[in-house]
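Asker: Fold the stuff below for me.
(3 chains)
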Amino acid sequence: MPVQLDVRTGSKRELRDITSLVKEVISASGVQQGVCHIFVPHTTAGLTLNENWDPDVKGDLIRALEALVPDVRFRHGEGNSPAHLLSTIAGASETVLVRDGELILGTWQGIYLAEFDGPRSRRVLVKVVPDPA
Amino acid sequence: MPVQLDVRTGSKRELRDITSLVKEVISASGVQQGVCHIFVPHTTAGLTLNENWDPDVKGDLIRALEALVPDVRFRHGEGNSPAHLLSTIAGASETVLVRDGELILGTWQGIYLAEFDGPRSRRVLVKVVPDPA
Amino acid sequence: MPVQLDVRTGSKRELRDITSLVKEVISASGVQQGVCHIFVPHTTAGLTLNENWDPDVKGDLIRALEALVPDVRFRHGEGNSPAHLLSTIAGASETVLVRDGELILGTWQGIYLAEFDGPRSRRVLVKVVPDPA
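Answerer: Numbers count the residues shown, from 1 in each chain, chains lettered A, B, ... in the order given. The predicted structure is shown next:
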């Protein structure tokens, strides 16, 4: 069964580091060798992996993603079409690898919930799957 | 074995909702707990999850993606380099989760084949994998 | 266990075709039916699938991705924020399918390590998972 993480974002657009939460799910699963699927069931948020060392990278990423949104006439009545676009750019699913009970990430890599239309209560689903015997 | 969905797109660029087709594959598989991998074997189309409630979102997304394509001199003789770029932006693979025989999606979320160089006959591969015993 | 591919990139930005390397890992695994997860543990590189027939497509993609980077004031001291942005756009993980011992790809499709801040020594992790019995 997937484990649901509940994340409360604090601003309209932000990258929220969920690496430690994902590591806890992997640890609690007891899985030693396998994979971990992460899924965001939202359409104005997304998932991305990027640097979690220098906090300026997060700010740069958010500013650059905002600036990417082209100046077209959006029709969607809610007015959050830019957030839908950024959700498609970031993507809703990522698969990371588990070796010897540990999440494999690069030295500078963290897992981020990308909020594009907050602040909101968001859910992230994490499913750890052991290798078949 | 993956199941192949055959999708005929109707215009140059469109988001074609394949959620119900994916649900049928999951249902037919009989898998109760597992994951579902979706893969597009094309280089001028992609996969994305986004809102499937207000149809204006689809139009907004397509217009915004088209407007994203920068004005650089493309050399590829077929003239469809913008479609290749959008295929890379959307991505070719997504993994969604299956719980109690049902696809887990957010309330507003649908799965789209993103056509960027149609109309064409497209294939989408869907593979449902049960959790190991 | 994931297999690590070591890839030495040769320029600042390039798409390096790793399709044959991934096929070798699948072949060596002996897996007949399953999936193959590919993961890049870097934050200034990414993974993408796109055409590997006409070499002009690679050049067009790189030029278009570079041109996508908006002209905002980046604060990250290393000066490579554009590479972090492109890493998020391309993505760090892809899942491809294995049928009868072979990687399933479209006719024109190849798997690329996308280098955005090279030249560097890069790693790509490849994990082939057989279907549960």
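Asker: packing partners for the helix or strand of chain A with the lowest mean pLDDT?
Answerer: Each helix and strand of chain A was given a mean pLDDT (mean pLDDT, DSSP states H and E); the minimum falls on helix A:55-68 at a mean of 95. The contact analysis (3 or more CB pairs under 8 Å, 6 or more residues apart in numbering or on different chains; DSSP states H and E) places helix A:55-68 against strand A:14-17, strand A:45-51, helix A:81-90, helix C:81-90. Where you see a C-beta, it was placed from the backbone N, CA and C, and this is true even at glycine.
Asker: Show me which residues of chain A sit near chain B.
Answerer: Remark: the part of chain A in contact with chain B comprises A:1-2, A:37, A:39-43, A:68-78, A:81-82, A:84-85, A:87-89, A:91-93, A:95, A:123, A:125, A:127, A:129-133, using CB under 8 Å from any CB of the partner chain.
Asker: re the thing from before, make CSV out of the helices and strands packed on helix A:55-68 and add mean neighbour count, distance to B:Gln109 and mean pLDDT.
Answerer: Compiled in CSV, the helices and strands packed on helix A:55-68 are given as follows (neighbours: other CB atoms under 10 Å in any protein chain shown; distance: least, CB to CB, whole Å; pLDDT from 0 to 100):
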stretch, mean neighbour count, distance to B:Gln109, mean pLDDT
strand A:14-17, 20, 19, 97
strand A:45-51, 25, 11, 98
helix A:81-90, 25, 10, 97
helix C:81-90, 25, 20, 97
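Asker: Identify whichever of these lies nearest to B:Thr48.
Answerer: Taking CB to CB as the criterion, B:Thr48 comes closest to helix A:81-90 out of the helices and strands packed on helix A:55-68, the separation being 4.6 Å.
Asker: by contact count, what packs against that closest one?
Answerer: Counting by 3+ CB pairs under 8 Å, 6+ apart, the packing neighbours recorded for helix A:81-90 are strand A:45-51, helix A:55-68, strand A:109-115, strand B:45-51, helix B:55-68, helix B:81-90, helix C:81-90.
Asker: between the last one and helix A:55-68, what angle do the directions make?
Answerer: It refers to helix C:81-90. 70 degrees (axes from the mean of the first three to the mean of the last three CA atoms, to 10 degrees).
Asker: before we move on, the earlier item: closest to C:Arg63 out of the helices and strands packed on helix A:55-68?
Answerer: Comparison of the helices and strands packed on helix A:55-68 against C:Arg63 by CB to CB identifies helix C:81-90 as nearest, at 12.2 Å.
Asker: Name the next helix or strand downstream of that closest one, please.
Answerer: As assigned by DSSP states H and E, the chain's next helix or strand after helix C:81-90 is strand C:93-99.
Asker: for A:Val22, what are its contacts?
Answerer: Going by CB atoms under 8 Å, 6 or more residues apart in numbering or on different chains, A:Val22 touches A:5, A:36, A:38, A:96, A:103, A:111, A:126.
Asker: And those, which is closest to A:Leu15?
Answerer: Closest approach between those and A:Leu15, by CB to CB: A:Ile111, at 10.0 Å.
Asker: what are the bridge partners for that closest one, then?
Answerer: A:Leu49 (DSSP bridges).
Asker: What of the one 4 residues further on?
Answerer: Applying DSSP bridges to A:Glu115 gives these bridge partners: A:Glu14, A:Ala45.
Asker: From chain C, how far out is it?
Answerer: As for A:Glu115, its distance to chain C is 14 Å (criterion: CB to the nearest CB, to the nearest Å).
Asker: Run a quick neighbour tally on that residue.
Answerer: By other CB atoms under 10 Å in any protein chain shown, 28 other residues sit near A:Glu115.
Asker: Spit out the contact partners of it.
Answerer: If a contact means CB under 8 Å, 6+ apart, then A:Glu115 has A:9, A:11-16, A:45, A:122 as its contacts.
Asker: what do you get if the cut-off is 6 Å, keeping everything else the same?
Answerer: Applying CB atoms under 6 Å, 6 or more residues apart in numbering or on different chains, we find A:Glu115 in contact with A:9, A:14, A:45.
Asker: pLDDT below threshold where in chain A?
Answerer: In the prediction, chain A carries no residues with pLDDT under 70.
Asker: helix, strand or coil for A:His76?
Answerer: Per DSSP: H, G, I helix; E, B strand; the rest coil, the local secondary structure of A:His76 is coil.
Asker: Give me the spatial nearest neighbour of it, chain neighbours excluded.
Answerer: For A:His76, ignoring the flanking residues on the chain, the nearest one in space by CB to CB, 6 or more residues apart in numbering or on different chains is B:Asp56 at 4.3 Å.
Asker: top strand in chain A by residue count?
Answerer: When chain A is scanned for its longest strand (criterion: DSSP state E), the result is strand A:121-130.
Asker: just the angle between it and strand A:45-51, please?
Answerer: Computed by the same axes, to 10 degrees, the angle separating strand A:121-130 from strand A:45-51 equals 60 degrees.
Asker: which outside residues touch strand A:121-130?
Answerer: Among residues not part of strand A:121-130, those counted as contacts by CB under 6 Å, 6+ apart are A:2-5, A:7-8, A:22, A:25-26, A:29, A:31, A:34-42, A:45, A:113, B:97, B:132.
Asker: Pull out the buried members of those.
Answerer: Buried residues within these, counting neighbours by 16 or more other CB atoms under 10 Å in any protein chain shown: A:2-3, A:5, A:7, A:22, A:25-26, A:29, A:31, A:34-42, A:45, A:113, B:97, B:132.
Asker: Among the residues you listed, name the ones in helices.
Answerer: Counting by DSSP state H, the part of these found in helices is A:22, A:25-26, A:29.
Asker: Now tabulate the residues you listed in CSV and tack on distance to A:Glu51.
Answerer: Supplementary listing: those in CSV, determined by distance: CB to CB, whole Å:
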residue, distance to A:Glu51
A:Val22, 16
A:Val25, 22
A:Ile26, 21
A:Ser29, 26
